[in-house]
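**Q** Give the three-dimensional model of this entry:
(one chain, ligands or ions: 1)
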Amino acid sequence: MQYHVDGELVPASEATVNVRDRGFMYGDGAFETMRVYGGTIFEWSAHADRLQRSCEQLGFADALPPAADLHARIQETLAANDLTEAYTKLSITRGVQPGKLSPDPDVDPTIVVYISELPRGGTDGERVWSGPAALATVDSRQTPDSVLPADAKTHNYLDSILARLELRGSEADEAIVRSVDGALTEGASSNLFFVDDGTVHTPADSLPLLPGITRNVVLELADAAGIETVTGVYEPDRLVDADEVFVTNSTWEIRPVTSVDGRAYEVGPVTRTLQQRFDDRVEKLYD
Ligand code: PDD
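**A** As a prediction, this is how the structure comes out:
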């Protein structure tokens with residue numbers, strides 16, 4: 001494999017960053033995880049916009065190369081590895097700077113494109129997940145926006161990592177995280193949806209959560225299918241009476257949930273319809 005590090009394609013074994021890189025030292029960086037179908041990055045402009053917003057929150061958006069340049073780095077990495085169906089992660093950090101914690105205004109970012117093969121799921125293929133998800137509500141809470149803006153996709157993933165650690169020794173493979181006020185927010189690395197009486201619900205992005213690119217696509221697909229969507233503030237007990245639950249992210253796409261805190265759910269018709277529409281969209285737009 002070859003990865004892209006600071007403008008150069010390098011063999012995976014030589015793809016390294018400086019030990020003084022602030023992304024390594026402090027988590028001072030932003031990233032996007034993306035899916036590539038048929039050689040095309042799924043929802044590239046939405047990912048590029050979110051990366052721009054993340055870098056703005058971190059105060060180094062001026063150092064972010066134009067989206068076309070970042071796009072070209074990913075395309076070069078795909079070509080170098082002869083991949084058209086892939087998982088890719090684009091990271092940008094504040095780089096190496098003199099001094100210690102205080103960020104220097106002069107930023108020479110470290111930019112890395114990591115890639116791996118990921119066969120498409122879709123209408124004929126196999127999903128990347130081996131089965132529906134089992135969720136468990138965890139005790140650790142979502143970092144409030146006043147501490148760390150949740151809509152910035154930064155290298156600081158410790159809240160999600162601590163949430164996943166709580167799953168150890170259980171059957172669950174995704175955590176349900178709540179805000180400090182107790183409202184449902186999202187999964188450790190996914191957005192949460194439930195279906196109640198034919199309506200699709202998901203926590204509102206006024207809550208501290210990462211508004212996923214897949215989440216937006218799913219809300220659009222539901223609208224197009226004439227399925228009502230509501231974004232709101234929900235207490236965890238709203239899931240008890242839900243008819244269907246599913247989670248979304250760029251890698252999983254739409255992943256049904258068959259268990260929440262040990263309670264069983266069916267993979268229902270709304271989830272299936274949305275999965276079908278998602279797969280059709282991928283087949284139509286990404287040959
Ligand atoms: N994670 N919420 C969190 C906390 C996430 O980490 C992610 C994605 C999402 C879904 O976002 P999207 O639909 O844009 O992938 C929601 C990616 C997959 C990751 O962890 O690399």
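**Q** Could I get the pLDDT score of Thr123?
**A** Looking at Thr123, its pLDDT is 67.
**Q** now the one 5 residues further on
**A** pLDDT, the model's per-residue confidence, is 84 for Val128.
**Q** and it, what element?
**A** Counting by DSSP states H and E, no helix or strand carries Val128.
**Q** From one end of stretch 149-167 to the other, what's the distance?
**A** End-to-end distance for stretch 149-167, by CA to CA, to the nearest Å: 25 Å.
**Q** next one: stretch 10-25
**A** Chord length of stretch 10-25, first to last residue, is 23 Å (CA to CA).
**Q** got the buried residues for that stretch?
**A** Neighbour-count burial for stretch 10-25, counted by 16 or more other CB atoms under 10 Å, picks out 15, 17, 21-25. To be clear about C-beta, it is placed using only N, CA and C from the backbone, and glycine gets the same treatment.
**Q** ok, these vs Val113, which is closest?
**A** Set against Val113, the nearest of these by CB to CB is Ala15 (9.5 Å).
**Q** Check whether that closest one really touches Asp6, as I assumed.
**A** No: the criterion here is CB atoms under 8 Å, and Ala15 misses it with Asp6 at 10.1 Å.
**Q** Can you check which residues contact both of the two?
**A** Contact criterion CB atoms under 8 Å, 6 or more residues apart in numbering; residues shared by Ala15 and Asp6: Val112.
**Q** hmm, back to that, and which of the buried residues of stretch 10-25 is nearest Ala224?
**A** Using CB to CB, Gly23 is the member of the buried residues of stretch 10-25 that sits closest to Ala224, with 38.5 Å.
**Q** Wasn't that closest one part of a strand?
**A** No: according to DSSP: H, G, I helix; E, B strand; the rest coil, Gly23 belongs to no strand; its state is helix.
**Q** for the residue lying closest to it once chain neighbours are set aside, what are its contacts?
**A** Nearest residue to Gly23, sequence neighbours excluded (CB to CB, 6 or more residues apart in numbering): Thr93, at 2.9 Å. Going by CB under 8 Å, 6+ apart, Thr93 touches 17, 21-24, 28-30, 109-110, 155.
**Q** what does Ala264 give?
**A** By CB under 8 Å, 6+ apart, Ala264 lies in contact with Thr258.
**Q** Contact residues of the stretch 1-150 of the chain facing the ligand?
**A** Neighbours of the ligand within the stretch 1-150 of the chain, by CB under 6 Å from any ligand atom: Thr33.
**Q** pLDDT score assigned to whatever residue of the stretch 101-250 of the chain ends up closest to the ligand?
**A** Per CB to the nearest ligand atom, Gly212 is where the stretch 101-250 of the chain lies closest to the ligand, at 2.8 Å. For Gly212, the model assigns a pLDDT of 98.
**Q** Helices of the stretch 51-200 of the chain, start to end?
**A** Using DSSP state H, counting those that start in this stretch, the helices of the stretch 51-200 of the chain run over 67-80, 158-165.
**Q** Surely Ala225 touches Thr273?
**A** Yes: with contact defined as CB under 8 Å, Ala225 reaches Thr273; the gap is 5.9 Å.
**Q** Please produce CSV containing the helices of the stretch 51-200 of the chain, extended by mean pLDDT and mean neighbour count.
**A** CSV is the format used below for those (pLDDT from 0 to 100; neighbours: other CB atoms under 10 Å):
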stretch, mean pLDDT, mean neighbour count
helix 67-80, 98, 17
helix 158-165, 97, 17
